[in-house]
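1. A predicted structure for the sequence below; I have some questions about it.
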Amino acid sequence: MSAGEAALGRSARRSSTSLRPRAASRRTAFWYKASPSSLAASRRVVLISVSVQSARVENIVVIGGVAAGLSAASRARKLAPRAQITVLERGAQAAYSACGLPYYLARRVPSLEALRVHPADWFRERRQLDLRLGCEAVEIEPARRRVLARSAQGARWINYDRLVIATGTRSRWEPETKLRNVFAANTWDQVQTLEAALQTGALQRIAVVGGGYIGLETAEALAQRGLHVALVHAHEQVLRGFDPDLVADLPGRLAALGIELHLGTRVEGLEGAQGGRVLGLQSASEMIACDAVINCGGLQPEVTLAQAAGIALGRTGAIAVDERQQTSLPGVFAAGDCAETRQQVTGAAAWVPLGAPANKQGRIAGANAVNAPAARFPGVLATLAVPLAGQEYGRTGLSLEQARTAGFDAAVEEVTGSSKAGYLDAQPVTVRIVYQPSTGRLLGAHFRGAPGTVAGRLDTAAAALTARMSLEQVEHLDLVYSPDIAPLYEALLIAAHNARKT
């Protein structure tokens, strides 16, 4: 029995000796709060401050042990060395890179262990976190400030002073079937089960449902292993949210890899044999034969637990939070893919389930959960890049459709430039910027290019959007020029120049 499992049966307000946080040092306390006039006085006052805080926030419970959850717990531990921090993770694994799972399926990563940030015991021993794996939070009782946690050892109530919810996402399409060989590929446990089935060699025809970046990465990974892959997507455009013109070449590139495309095809059910083996996917017009189905369909925030506790949801369907990640209930915070955020360009509520924002939101939630000086999350641009079929596709800010929906009088300018000087084996890089002609404001940027050519350029555009730069300011950015590294004029700058002339 692990330390976390053994702790489940103990009183919620009593931590085991092995998990009791170490006392705060003077240096830690001094770092936590700014000093008064003299060093001696500052140490005396700061130590009192930490002691008072520890008395007020004794127990912190975090629901979810992957990106946002462990970021919140780790930040809370840094700022509140004396607090009891319990992390409930229903899966068997914690602290791993979910974004790396397709690379494991593609055999570019030798093992799932390579995706692990730290083993569970590292968090228990080094961070002094009561990390409980295989332990699911099944009910929140806000009036009594407690969470019902269930594991193989039974169910126990755990009291909290502050609660952080980081429950992530779940699939929009969850087929009700008892057929074998129906998989998902969003978590460590799911991919481990899928890989074990693939290792038998019995699965040769795979149907991947979903044309977002997870579905596309999964389909490409399996095609590279020599399997016959059918990609089934309910919409005509893959990578929805990207500019349609910029990803128009992607279906052809996927087909060249041998991937069978069924776009604009909505799954209506599964067909199976008498023995319980899946035989195919049924749509309105056809039956797509397969040995296995991998569900990478659209995701939605996992808010079942929060909603049952009376926590308000936002207009996106995710948990409504303020800049401090505070929910509608006092002392309860939410972070990561289950939480709503703000689109920086429009200021409107948005749901953006991506790894980088999840980690940042977790840190903000953890800091505010222990009453640290107010930390605030500014929102997102939804910056995303994905390598597919020998090309990289990236986006930040708004697409033309999103900008016009938000009420902007938006226009686009597309330029194909060069990755470096043309006489040095340069690769083409295409940028499509979205802007507001009446004000000259940059609203978004989308990129397509060869491997290694997109990320840096995308980051430049994201920085320009964050700074609310005008097209004129973007045009005159002082960027690097070196023939074998970067061109004299970047495509982004040329696009800004051309947009100003129109």
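-> Good, I have the coordinates. What you see is a predicted model, and the numbers here were worked out from it, not measured in a lab. Numbers count the residues shown, from 1 in each chain.
2. can you map out the helices along the stretch 351-500 of the chain?
-> 355-369, 400-405, 455-466, 471-475, 491-501 (DSSP state H, counting those that start in this stretch).
3. if we compare those helices, which one ends up closest to residue 186?
-> helix 355-369 (12.3 Å; C-beta to C-beta). Heads up, the C-betas are built off the backbone N, CA and C, glycines and all.
4. Other residues contacting that closest one?
-> Residues from elsewhere that reach helix 355-369 (C-beta atoms under 8 Å, 6 or more residues apart in numbering): 57, 60, 62, 67-76, 79, 97-99, 162-164, 166, 324-326, 333-337, 339, 341, 374-377, 380, 383.
5. Buried ones only from those residues, please, as a ChimeraX command.
-> With 16 or more other C-beta atoms under 10 Å as the criterion, this ChimeraX line picks the buried residues out of those:
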select :57,60,62,67,68,69,70,71,72,73,74,75,76,79,97,98,99,162,163,164,166,324,325,326,333,334,335,336,337,339,341,375,377,380,383
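6. Out of the contacts of helix 355-369, name the ones that lie in helices.
-> Secondary structure from DSSP state H places 67, 68, 69, 70, 71, 72, 73, 74, 75, 76, 79 of the contacts of helix 355-369 in helices.
7. For residue 233, state which of those is nearest.
-> residue 67 (26.1 Å).
8. now the closest one: how far from residue 117?
-> 9 Å (C-beta to C-beta, to the nearest Å).
9. Equivalent analysis for residue 386, please.
-> 22 Å.
10. Also residue 270?
-> 36 Å.
11. now residue 132
-> Using C-beta to C-beta, residue 132 is found at 18 Å from residue 117.
12. Tell me which of these two has more neighbours.
-> Shown here are residue 132 and residue 117; by other C-beta atoms under 10 Å, residue 132 has more neighbours (28 against 13).
13. Spell out the secondary structure type for the more buried one.
-> strand (DSSP: H, G, I helix; E, B strand; the rest coil).
14. Surely it touches residue 91?
-> No. Taking contacts as C-beta atoms under 8 Å, residue 132 lies outside contact range of residue 91: 11.1 Å.
15. how about the nearest residue to residue 429, chain neighbours excluded?
-> In space, residue 429 comes closest to residue 449 once its chain neighbours are excluded; the distance is 4.0 Å by C-beta to C-beta, 6 or more residues apart in numbering.
16. measure residue 472 to residue 334 for me?
-> When distance is defined by C-beta to C-beta, residue 472 is 40 Å away from residue 334.
17. ok, so of the ones in helices among the contacts of helix 355-369, who is nearest residue 148?
-> residue 69 (17.5 Å).
18. Tell me who's in contact with that closest one.
-> Contacts of residue 69 by C-beta under 8 Å, 6+ apart are 62, 63, 87, 89, 164, 166, 335, 336, 362.
19. residues contacting residue 415?
-> 430, 431, 491, 494, 495, 498.
20. for the chain, what helix or strand is lowest in average pLDDT?
-> Here the helix or strand of the chain ranked lowest by mean pLDDT, DSSP states H and E is helix 26-32, holding a mean of 29.
21. what's the domain layout of the chain?
-> 3-167+301-369, 173-297, 384-501 (automatic domain parsing).
22. among the ones you listed, where is the model least confident on average?
-> With a mean of 83, domain 3-167+301-369 has the lowest mean pLDDT of these.
23. Against residue 458, how distant is the nearest residue to residue 493 once chain neighbours are set aside?
-> Counting by C-beta to C-beta, 6+ apart, residue 475 is the residue found nearest to residue 493 once chain neighbours are left out, at 5.5 Å. Distance, residue 475 to residue 458, by C-beta to C-beta: 18 Å.
24. More neighbours: the two, which one.
-> residue 458 (24 against 19).
25. ok, now how distant is the more buried one from residue 393?
-> The value you get for residue 458 to residue 393, if C-beta to C-beta is used, is 10 Å.
26. Report the set of residues contacting both of these two.
-> Contacts common to residue 458 and residue 393, judged by C-beta under 8 Å, 6+ apart, are 385, 447.
27. Now do the buried residues in the strand or helix carrying residue 103.
-> Assessed by DSSP states H and E, residue 103 sits inside helix 101-105. If you call a residue buried by 16+ other C-beta under 10 Å, then helix 101-105 has these buried ones: 101, 102, 104, 105.
28. can you put those in CSV and add distance to residue 221?
-> Listed next are those as CSV, based on distance: C-beta to C-beta, whole Å:
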residue, distance to residue 221
101, 9
102, 5
104, 8
105, 4
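29. quick check, nearest of the residues you listed to residue 414?
-> residue 102 (29.1 Å).
30. these two touch, right, that closest one and residue 185?
-> Yes. Taking C-beta under 8 Å as the definition, residue 102 is a contact partner of residue 185 at 7.5 Å.
31. and the contacts of residue 69, which two are the farthest apart?
-> 89 and 335 (14.6 Å).
32. what do residue 102 and residue 185 both touch?
-> 214, 218.
33. I'd assumed residue 89 was in contact with residue 66.
-> Yes. Between residue 66 and residue 89 a contact is recorded at 7.4 Å, counting by C-beta under 8 Å.
34. Cool, thanks, talk later.
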